[in-house]
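1. Would you be able to build a 3D model of this:
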Amino acid sequence: MIKFLQVALKNLFRRRFRTLLTILGIAIGISMLFSFLAFSQGYEASMRGELNKIGAHMLAIAKGCPYEATALIMHGGVIEDFLTTDDVLRVSEMPNVQSAVGNFMNQVVLPHGKSVVVFGMNEYTFAQKPWWVIRGERFTGENSIILPETMATELGLNIGDVYRMPGKEIDFVISGLLEKTGTQDDKFVYVPFATAQRLFNAEGKVTSISILLEDLGRVQEVVDSVESLPDVQAITMSQVLATAQTLMSSAQAMINSIVIIAVVISALGVMNSILMSVFERTKEIGMMKAVGATGSDIIALVWIESVILSLAGGVVGILASFATASFIETFIRGLIPFAPLGELLAFDANTVAISLMSSLVLGLVAGAYPAIRAAELSPMEAIRSE
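-> The predicted structure follows:
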């Protein structure tokens, strides 16, 4: 086997440029496969993480598209339909509801296209964020504000400084800074609940109601009770995840097709390269058979060359995916509205193993035809071919 490996490497180095092009072709296909597998895992994990950080078993929202509304709530957006504080009270009194907390958030859209997301906070909404670490105080007055630490650093502001709300031209005093959470919370600014309502002329209104249940086995009962209210829709976190997965399935089908095409093209490239190598070495193969090499020996030799090419391409493709992960993630975020803020590409040992195994299978399949052709050569005809 060692001898076969040495001969295979020698043959591949005879045509270095062709070998390099073949490896690059395989690398592209495997890189696409590896990135797709990483994205499939990363997207779902990030979505689950964000939903868990909402701090509720379900949400009550104004009737509309459940996924779109929840995505706006998680990431900040212009909310056009509101619920009322009376709705919050009614939901809180329903059976099996442990707590119902009204949320208010909206965004100020600036002329240059950027926006500032404003989140109204009170003692109940603070209680939904037990993992928060705030430097300074919560609120010292109706015109106090909490900024994410990352945002304050970018603006050169600190506790006690004045922050002018863009688009509203109202001055707020920074009472506290929110330490980095790694979630969508790092993108919002936080003001007292009543102040947020007043900023958007929405006194007595809420954008959603976060609901904690006493018994998760009775979710459907609460859903039915909430939806008995006029123009109110209930949605569980599992429904949001299922909806997101459904929306992603069509995109994944398209990506699957592209990946399959890329891998097939890579396989054809390997087969073409190995087949050309066999044709160029027809006389050499004939001489090997004349001195005792069996058909199995020739098949093994050609297959080893094919597998070396495909595995080398697989390794290069995986390394390229690691190296360009940030670019790939930025590109994906540009395609997906309201993508989760967590890592969209989840690289793990299983993903690496699947990609390398795919490279191995690709090499075996692509090398099968050239190997059989080489094994079937007649020694005398092969020697006379040149």
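2. who's in contact with residue 262?
-> Counting by CB atoms under 8 Å, 6 or more residues apart in numbering, residue 262 makes contact with 28-29, 32-33. From N, CA and C alone the C-beta is placed, and that goes for glycine too.
3. mind redoing it with 10 Å?
-> By CB atoms under 10 Å, 6 or more residues apart in numbering, residue 262 lies in contact with 25-26, 28-33, 36.
4. Kindly report the same for residue 259.
-> Residue 259 is in contact with 29-37, 252, 358, counting by CB under 10 Å, 6+ apart.
5. switch to 6 Å and redo it
-> Residue 259 is in contact with 32-33, 36, counting by CB atoms under 6 Å, 6 or more residues apart in numbering.
6. Now tabulate these in TSV and tack on pLDDT, neighbour count and distance to residue 227.
-> As requested, the contacts of residue 259 are exported to TSV (pLDDT from 0 to 100; neighbours: other CB atoms under 10 Å; distance: CB to CB, whole Å):
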residue	pLDDT	neighbour count	distance to residue 227
32	87	21	43
33	87	26	43
36	83	19	38
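7. from those residues, which single one is nearest residue 210?
-> residue 36 (34.3 Å; CB to CB).
8. what's the helix or strand for the closest one?
-> Element membership for residue 36, per DSSP states H and E: helix 16-53.
9. State the next helix or strand along the chain beyond that helix.
-> As the chain continues past helix 16-53, the following element, by DSSP H and E, is strand 58-62.
10. Alpha carbons of that next one, as CSV, please.
-> Output in CSV follows, covering the C-alpha atoms of strand 58-62 (Å, rounded to 0.1, in the frame of the first residue of the first chain):
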residue,chain,number,x,y,z
MET,A,58,-45.8,32.8,24.3
LEU,A,59,-46.6,36.3,22.9
ALA,A,60,-49.8,38.0,22.3
ILE,A,61,-49.7,40.3,19.3
ALA,A,62,-52.0,42.2,17.0
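11. Just checking: what are the partner strands of that strand?
-> Strand 58-62 has the following strand partners under DSSP bridges: strand 208-213 (antiparallel), strand 232-236 (antiparallel).
12. Of these, flag the one that's most buried.
-> The highest mean neighbour count among the strands paired with strand 58-62, using mean count of other CB atoms under 10 Å, belongs to strand 208-213: a mean of 22.
13. Now do the next helix or strand after it and strand 58-62, the angle between them.
-> Per DSSP H and E, strand 208-213 leads on to helix 219-227 as the next helix or strand towards the C-terminus. Put simply, helix 219-227 runs at 20 degrees to strand 58-62, going by axes from the mean of the first three to the mean of the last three CA atoms, to 10 degrees.
14. Would you mark the buried spots in helix 219-227?
-> Judged by neighbour count using 16 or more other CB atoms under 10 Å, the buried positions of helix 219-227 are 219, 222-223, 225-226.
15. In contact with the closest residue to residue 143 other than its chain neighbours, which residues are there?
-> Of all residues not flanking residue 143 in the chain, residue 172 sits nearest, at 5.3 Å (CB to CB, 6 or more residues apart in numbering). Contacts for residue 172 (CB under 6 Å, 6+ apart) come out as 143, 145, 163.
16. Compute the first-to-last residue distance for stretch 188-207.
-> 15 Å (CA to CA, to the nearest Å).
17. For it, buried residues please.
-> Buried, per 16+ other CB under 10 Å, within stretch 188-207: 188-193, 195-197, 199-200, 202, 205-207.
18. And for stretch 99-116?
-> Buried, per 16+ other CB under 10 Å, within stretch 99-116: 100-108, 115-116.
19. Number of residues surrounding residue 171?
-> Residue 171 has 11 neighbours, counted by other CB atoms under 10 Å.
20. hmm, back to that, which one of the buried residues of stretch 188-207 is nearest residue 325?
-> Distances from residue 325 to the buried residues of stretch 188-207, taken by CB to CB, are shortest for residue 188, at 26.6 Å.
21. If the closest one is in a bridge, with which residues?
-> With DSSP bridges applied, the residues forming beta bridges to residue 188 are residue 117.
22. one step back: any chance of the buried residues of helix 219-227 in a markdown table, plus distance to residue 285 and pLDDT?
-> Listed next are those as a markdown table, based on distance: CB to CB, whole Å; pLDDT from 0 to 100:
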| residue | distance to residue 285 | pLDDT |
| --- | --- | --- |
| 219 | 69 | 85 |
| 222 | 74 | 90 |
| 223 | 71 | 89 |
| 225 | 78 | 91 |
| 226 | 75 | 90 |
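23. can you list those residues in TSV and add distance to residue 181?
-> Formatted as TSV, the buried residues of helix 219-227 follow (distance: CB to CB, whole Å):
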residue	distance to residue 181
219	27
222	28
223	29
225	32
226	28
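24. phi, psi of residue 202?
-> Main-chain torsions, residue 202, degrees, to the nearest 10: phi -130, psi 50.
25. Find the residue closest to it in space, skipping its chain neighbours.
-> residue 82 (6.1 Å).
26. thought that neighbour was touching residue 205?
-> Yes: look at residue 82 against residue 205 with CB atoms under 6 Å: they come within range, at 3.8 Å.
27. which element follows the helix or strand of the chain with the lowest mean pLDDT toward the C-terminus?
-> Within the chain, no helix or strand scores below helix 66-75, which has a mean of 53 by mean pLDDT, DSSP states H and E. Remark: after helix 66-75, the chain's next helix or strand is strand 83-84, criterion DSSP H and E.
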